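Undergrad: Just a sequence and a predicted model for now, questions to come.
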Amino acid sequence: MTEAQFEAIAKLIRSKTDAPAAKAARLVLVHGRSNAEASRATGASPATIYTTVRRYRNADNLIRQAYGLAKP
């Protein structure tokens, strides 16, 4: 996921990008870090990171489905 895609999804799901969980999700989704690395870097719990990353991925998938870029 690119920075621009991440920012667009954050707006759509009304995520506060300055929150530790969103910062961790950015590290995982944009920069390819592991959940453990993102947890150490941001202080967000692994469970919170898992949930947040899942929210972003689900939104990304729905957008791609709507544009015919992914299978339902």
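TA: Right, received. Where do you want to start?
Undergrad: Excluding sequence neighbours, find me the nearest residue to residue 57.
TA: Distances taken as CB to CB, 6 or more residues apart in numbering put residue 29 closest to residue 57, at 7.4 Å, once the chain neighbours are dropped. Heads up, the C-betas are built off the backbone N, CA and C, glycines and all.
Undergrad: thought that neighbour was touching residue 2?
TA: No - in this structure, residue 29 is not within contact of residue 2 by CB atoms under 8 Å, at 9.5 Å.
Undergrad: between these two, who's got more neighbours?
TA: Neighbour count, other CB atoms under 10 Å: between residue 29 and residue 2, residue 29 has more, with 21 against 9.
Undergrad: So which elements touch the biggest helix by length in the chain?
TA: Secondary structure of the chain per DSSP state H: the longest helix is helix 46-66. Secondary-structure packing of helix 46-66 (3 or more CB pairs under 8 Å, 6 or more residues apart in numbering; DSSP states H and E): helix 3-12, helix 20-29, helix 35-42.
Undergrad: Right, I'll leave it there.
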